[in-house]
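Fold the following and give me the result.
(one chain, ligands or ions: 1)
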Amino acid sequence: MVAGAQSDIVQVRGLVNRFGSHVVHDDLDLDIRKGEILGVVGGSGSGKSVLLRSIVGLQPPAAGRILLFGEDLLSLSPERRTHIERRFGVMFQNGALFSSLTVIENVAVPLIEQLRLSRSQAEELARSKIGLAGLPPDAGGKYPSELSGGMVKRAALARALALDPDILFLDEPTAGLDPIGAGAFDRLLVTLRDALGLTVFLVTHDLDTLYATCDRVAVLSQKRVLAVDALERVQDIDDPWIREYFHGPRGRAANRAAESRSAK
Ligand SMILES: Nc1ncnc2c1ncn2[C@@H]1O[C@H](COP(=O)(O)OP(=O)(O)OP(=O)(O)O)[C@@H](O)[C@H]1O
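Here you go, the predicted structure:
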């Protein structure tokens, strides 16, 4: 039996991931609470994306157990697994949109494949998701190559929202965006969480995003979760990586920006 609170949507226990002799995670534990935005940070190569991939069932672990909505994806029948997969949306680092499909067609894919909607029904629903993700209606008819970086992120978000998920997994959603675009994305994320009651697992390097959006932050270091807590407590932990990340010049600037936002 895996211990964890009722409100935990995801429970990771004793996770081990390795590639050949390279151990990425060793006995890693983590819970994701219902309704929270959980930021996941850590040095390059610390295993943030591999953790995301493990939780959504794309990376079978060498050992350990992962429960999503109380169920272990890897031990489910294909039908039950599909049922659980419909309850989460994933946005990968590069957006992973189909380049030969328009934005509407991209967002409609999961609706046609998973819900067996007709093309016209799926495209109608896709239009509402595109609006939800903050894209103008005319963006729906465009191909990914015709969009700005920020619009590609929003299109990928619209697709991740297509099936009305309970939890969103986002891998560096603001990477490559200018600060204004990144700030707008952060605000959109908080609005969506508040409006839709989403839970969000957010891998990021972006300190401004952490300060603007996250309820808790998990720090990946030394192959496990070194700390998971509210940002103000995590940043005070006495650890070399945490010191450098949160209290280096960029960390101090992001902290000052967050303080001036909350003072307004
Ligand atoms: N399919 C794979 N085969 C072999 N090694 C892999 C594979 N996927 C990831 N790794 C290795 O696992 C480690 C963790 O990778 P991961 O992408 O999770 O890091 P990360 O913390 O997300 O890094 P970054 O912040 O740079 O994106 C890295 O050393 C990476 O090279």
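
which non-adjacent residue is nearest residue 235?
Closest residue to residue 235 apart from its sequence neighbours, by C-beta to C-beta, 6 or more residues apart in numbering: residue 246 at 4.0 Å. In this view, the C-beta of every residue, glycine as well, is placed from N, C-alpha and C.

which stretch of helix or strand covers residue 23?
Here residue 23 sits within strand 22-33, counting by DSSP states H and E.

before we move on, what SS does residue 57 have?
Look at residue 57: counting by DSSP: H, G, I helix; E, B strand; the rest coil, its state is coil.

which stretches of the protein have low pLDDT?
Scanning the chain for pLDDT under 70 picks out 1-6, 95, 251, 261-264.

Looks to me like residue 205 is in a strand.
No: if the criterion is three-state DSSP, then residue 205 is coil and not within a strand.

For it, give its distance to residue 41.
7 Å (C-beta to C-beta, to the nearest Å).

Who has more neighbours out of those two?
Using other C-beta atoms under 10 Å as the criterion, residue 205 and residue 41 rank with residue 41 on top: 26 against 16.

pretty sure the more buried one contacts residue 221?
No: when contacts are counted by C-beta atoms under 8 Å, residue 41 is not listed as touching residue 221 (9.3 Å).

how long is stretch 60-71 from one end to the other?
Terminal residues of stretch 60-71 are spaced 15 Å apart (C-alpha to C-alpha, to the nearest Å).

Show residues contacting that stretch.
Under the contact criterion C-beta atoms under 8 Å, 6 or more residues apart in numbering, stretch 60-71 has outside partners 2, 4, 9-18, 25, 27-28, 54-57, 72-74, 80, 84, 87-88, 166.

now check it, is it near the ligand?
No: contact of stretch 60-71 with the ligand (C-beta under 6 Å from any ligand atom) is absent, the minimum separation being 11.7 Å.

Just the buried residues of that stretch, please?
For stretch 60-71, burial by neighbour count (16 or more other C-beta atoms under 10 Å) applies to 61, 64, 66-69.

so of the residues you listed, which ones are in strands?
Using DSSP state E, 64, 66-68 are the members of the buried residues of stretch 60-71 that sit in strands.

So which of the contacts of stretch 60-71 sit within strands?
9-18, 25, 27-28, 88.

Which one of the residues you listed is nearest to the ligand?
Of all the ones in strands among the contacts of stretch 60-71, residue 17 has the smallest distance to the ligand: 7.6 Å, by C-beta to the nearest ligand atom.

which stretches of this protein form strands?
Using DSSP E, strands in the chain cover 8-19, 22-33, 37-42, 63-68, 88-91, 167-171, 199-203, 216-221, 224-229.

would you turn those into TSV with distance to residue 129?
What follows is the strands of the chain, written out as TSV (distance: least, C-beta to C-beta, whole Å):
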stretch	distance to residue 129
strand 8-19	21
strand 22-33	23
strand 37-42	20
strand 63-68	22
strand 88-91	10
strand 167-171	12
strand 199-203	16
strand 216-221	27
strand 224-229	31
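
do you know which of the ones you listed lies nearest residue 136?
Residue 136 sits nearest to strand 88-91 of all those, at 19.6 Å, using C-beta to C-beta.

Kindly list the longest helix within this structure.
helix 179-196 (DSSP state H).

quick revisit: specify the stretch among the strands of the chain that is closest to residue 133.
Shortest distance between residue 133 and the strands of the chain, using C-beta to C-beta, is found for strand 88-91: 10.1 Å.

What is the distance between the closest one and the centre of its chain?
Computed by C-alpha atoms, centre = their mean, to the nearest Å, the chain-centroid distance of strand 88-91 equals 7 Å.

With just CA atoms, put it into CSV.
What follows is strand 88-91, C-alpha atoms only, in CSV (Å, rounded to 0.1, in the frame of the first residue of the first chain):
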residue,chain,number,x,y,z
PHE,A,88,-4.3,14.1,-18.1
GLY,A,89,-2.9,16.5,-20.7
VAL,A,90,0.8,16.7,-21.6
MET,A,91,2.7,19.6,-23.3
